[in-house]
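K.L.:
With the sequence up front, the predicted model follows.
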Amino acid sequence: MELNFNEIQKKLQGKIFEVIAEEADQLQAETYIIGGYVRDMVLRRTSKDIDVVCVGSGIRLAQAVAGNLGKKANLSVFKNFGTAQVKYKDTEIEFVGARKESYDRNSRKPIVEDGTLEDDLKRRDFTINALAIRINKEHFGELIDPFNGLQDLEDLLIRTPLDPDITFSDDPLRMLRAVRFASQLGFFIYPETFEAIERNKNRIEIISKERITDELNKIILSPCPSVGFDLLDKTGLLEMILPELTALKGVETKESVGHKDNFSHTLKVLDNLARTSDNLWLRWAALFHDIGKPRSKRFDPHTGWTFHAHEFFGMKMLKGIFQRMKFPLNEKLRYNEKLVALHMRPIVLSDEEVTDSAIRRLLFEAGDDIDDLMLLCEADITSKNPEKVRRFLANFKLVRSKLKEIEEKDKIRNFQPPIDGLQIMEMFDLPPGRMVGELKSAVKDAILDGLIPNEYDAVYDFLLKTAGEKGLVVVKRI
Ligand code: ATP
Ligand code: MG
């Protein structure tokens, strides 16, 4: 990969680099820009985080830089880690002294000592992350590349600088980082590095769920996330992290009837969705949408393979997965549950006649997430038969225009009936209980079925009539 001196000089222009160089010279400390920033500079990707290594005290350099930058700079020192961070405008600069690391087998916390630049580059995860550019005035722009990282950038390769078995065993998180960079950058994992991940996959057990999730989120947000999940599968990591997904793999045949491989279908859906949405939780919903299929799979001699109610099984599995993965158990879980539970509904609608009542019910249940649901359903069409695809998409178009029309007319999204449960109790002097529930759902159904408009007077009259049939009389007008 070409990275000529002029180009480096251009990229390292600007106040921040000038100040770091000036203070580094003052302290007489060899200082380098290192890691992800250099990698992204070569790849012409934008990055806001700058990593700085100096041979000496990173904290002292950070203090000097923050002092020089003045009021707009914000300094945080992490004494225990020997690191410091300077925030300046929208840039974050991490400072650390060059270090040497050695590991204990049961933890990913290394024993750290001061070291040379060479020591420091050796402990980095991949050759493409082990590049350094010197910024002291006299040596400005000098590239240090002991592991041929520049060549690997050109060849699109993820490779560890040292023996990959040691690199991954020392810090198993690096296995996920390898997959993440491959997915984010569209790179390939070097065969020896890949094989070492296969051998060390069990070591992932010592990594906290939060860190794993952090990497998975980066993988799922990458431009073509199937690359990452496919690699996770092939290395054997996926089985350890999300066995519910590997359970989707495989094709079974009975009486010469097969079904599609639900794992590769799922990855296609995820890639399709990645083209239309960057919403992290919608992407997770795409990955989980068919997760209930293995549990619902049946073979019927007349109709072949069926997966009845898989959306319901899938929805029920999510809470356990979210808990285990330390995903948020708040509205993000409920959003995923809703999308997984409803993902078959628009497809069914397009098969049948698209009635107003069915549309109202869908709008009522999906609420504000209706647009995301439609994106998921459109991504879910992976048939290779162009005629089928055309028909589905045309039907979805009809569903979308009906949704719009009904929403404008009836305002069903997030709708609340004009008379609620408490008011029903007052009206008929009822204690809380089944009768109130029955009247409430009768009102809701009547509105969704289009029997009465979503308006107070109509609901009042309807309640009088329905309650009258059950022998109730009004004791209080509301
Ligand atoms: P991004 O910022 O896009 O996540 P990055 O490569 O900059 O990617 P950081 O986590 O910011 O990743 O780390 C900065 C640098 O520190 C990396 O480029 C790499 O050299 C080194 N590094 C980070 N994590 C590890 C690790 N687990 N093992 C070894 N080196 C690491
Ligand atoms: Mg970074």
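P.N.:
Yes, it's here. Ligands and ions are numbered 1, 2, ... in the order given.
K.L.:
Quick check, the residue in the stretch 301-450 of the chain closest to ligand 2?
P.N.:
Distances between the stretch 301-450 of the chain and ligand 2 by CB to the ion are smallest at K326, namely 22.4 Å. In short, each C-beta sits where N, CA and C put it, glycine included.
K.L.:
How many residues are close by the residue nearest to M41 when sequence neighbours are not counted?
P.N.:
Using CB to CB, 6 or more residues apart in numbering and skipping the chain neighbours, the partner closest in space to M41 is K11 (5.3 Å). As a burial measure, K11 scores 18 neighbours (other CB atoms under 10 Å).
K.L.:
Roughly how far does K11 sit from ligand 1?
P.N.:
16 Å (CB to the nearest ligand atom, to the nearest Å).
K.L.:
where does this structure come near ligand 1, residue by residue?
P.N.:
35-36, 49, 51, 124-125, 129, 171, 173-174 (CB under 6 Å from any ligand atom).
K.L.:
re the thing from before, the residue of the stretch 301-450 of the chain closest to ligand 2: what secondary structure?
P.N.:
Remark: K326 carries the secondary structure label coil [criterion: DSSP: H, G, I helix; E, B strand; the rest coil].
K.L.:
Could you measure from it over to I135?
P.N.:
When distance is defined by CB to CB, to the nearest Å, K326 is 39 Å away from I135.
K.L.:
Look at those two and report which has more neighbours.
P.N.:
Comparing K326 with I135 by neighbour count (other CB under 10 Å), the higher total belongs to I135, at 24 against 14.
K.L.:
so who does the residue lying closest to the more buried one once chain neighbours are set aside touch?
P.N.:
Excluding its sequence neighbours, the residue lying closest to I135 (CB to CB, 6+ apart) is A21, at 4.7 Å. A21 makes contact with 31, 135-137, 140, according to CB atoms under 8 Å, 6 or more residues apart in numbering.
K.L.:
and the longest helix for this protein?
P.N.:
As far as residue count goes, and with DSSP state H defining each element, the longest helix of the chain is helix 386-410.
K.L.:
quick one, phi/psi of S102?
P.N.:
Backbone torsions for S102, taken as degrees, to the nearest 10, come to phi -140, psi 150.
K.L.:
roughly how far is stretch 111-120 from the heart of the chain?
P.N.:
For stretch 111-120, the gap between its own C-alpha mean and the chain's C-alpha mean amounts to 34 Å (CA atoms, centre = their mean, to the nearest Å).
K.L.:
Let me fix that, I meant to ask about stretch 199-213.
P.N.:
Computed by CA atoms, centre = their mean, the chain-centroid distance of stretch 199-213 equals 18 Å.
K.L.:
ok, now stretch 362-376?
P.N.:
Using CA atoms, centre = their mean, we find the averaged C-alpha position of stretch 362-376 to lie 20 Å away from the chain's own average C-alpha position.
K.L.:
Tell me which residues are up against that stretch.
P.N.:
Residues external to stretch 362-376 that are found in contact with it (CB under 8 Å, 6+ apart): 269, 273, 276-277, 279, 282, 285-286, 289, 335, 338-339, 342-343, 345-346, 349, 396, 399-400, 403, 406-407, 412-415, 444, 448.
K.L.:
List phi and psi for N129.
P.N.:
Dihedral angles for N129 - degrees, to the nearest 10 - are phi -100, psi 10.
K.L.:
how about the residue in the chain that ligand 2 sits nearest to, what does it touch?
P.N.:
Across the chain, the shortest distance to ligand 2 (CB to the ion) belongs to G36, at 3.6 Å. For G36, the contacting residues are 47, 49, 51, 129, taking CB under 8 Å, 6+ apart as the criterion.
K.L.:
Which ones, among those residues, also lie beside ligand 2?
P.N.:
Counting by CB under 5 Å from the ion, D49 from the contacts of G36 sit close to ligand 2.
K.L.:
ok so, going back, which ones among the contacts of A21 map onto helices?
P.N.:
Assignment to helices by DSSP H places none of the contacts of A21 there.
K.L.:
Where does the prediction get shaky in the stretch 151-300 of the chain?
P.N.:
When the per-residue scores of the stretch 151-300 of the chain are filtered using pLDDT under 70, no range remains.
K.L.:
cool, and the stretch 301-450 of the chain?
P.N.:
Where the stretch 301-450 of the chain drops to pLDDT under 70, the residues are 351-352.
K.L.:
Please enumerate the helices of it.
P.N.:
In the stretch 301-450 of the chain, the segments counted as helices under DSSP state H, counting those that start in this stretch are 310-324, 331-342, 345-351, 356-366, 370-379, 386-410, 421-428, 434-448.
K.L.:
Make TSV out of those helices and add distance to L242 and mean neighbour count.
P.N.:
Written out in TSV, the entries for the helices of the stretch 301-450 of the chain read as follows (distance: least, CB to CB, whole Å; neighbours: other CB atoms under 10 Å):
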stretch	distance to L242	mean neighbour count
helix 310-324	7	18
helix 331-342	14	19
helix 345-351	25	17
helix 356-366	26	19
helix 370-379	19	20
helix 386-410	28	14
helix 421-428	40	17
helix 434-448	37	17
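K.L.:
For N272, what is the enclosing helix or strand?
P.N.:
With elements delineated by DSSP states H and E, N272 resides in helix 262-276, which encompasses its position.
K.L.:
Which SSE is immediately downstream of that helix?
P.N.:
Read in the C-terminal direction, the helix or strand following helix 262-276 is helix 280-288, with elements assigned using DSSP H and E.
K.L.:
send the alpha carbons of the following helix or strand past that following helix over as CSV?
P.N.:
In the C-terminal direction, the helix or strand that comes right after helix 280-288 (DSSP H and E) is helix 293-296. Extracted C-alpha coordinates of helix 293-296, given in CSV (Å, rounded to 0.1, in the frame of the first residue of the first chain):
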residue,chain,number,x,y,z
LYS,A,293,-37.8,-22.5,13.8
PRO,A,294,-35.9,-25.5,15.2
ARG,A,295,-38.5,-25.8,18.0
SER,A,296,-41.5,-25.6,15.7
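K.L.:
tell me the contacts of the residue nearest to D278 when sequence neighbours are not counted?
P.N.:
The shortest distance from D278 to any non-neighbouring residue, by CB to CB, 6+ apart, is to L221 (6.9 Å). Each residue near L221 by CB under 8 Å, 6+ apart is listed here: 278, 280, 283.
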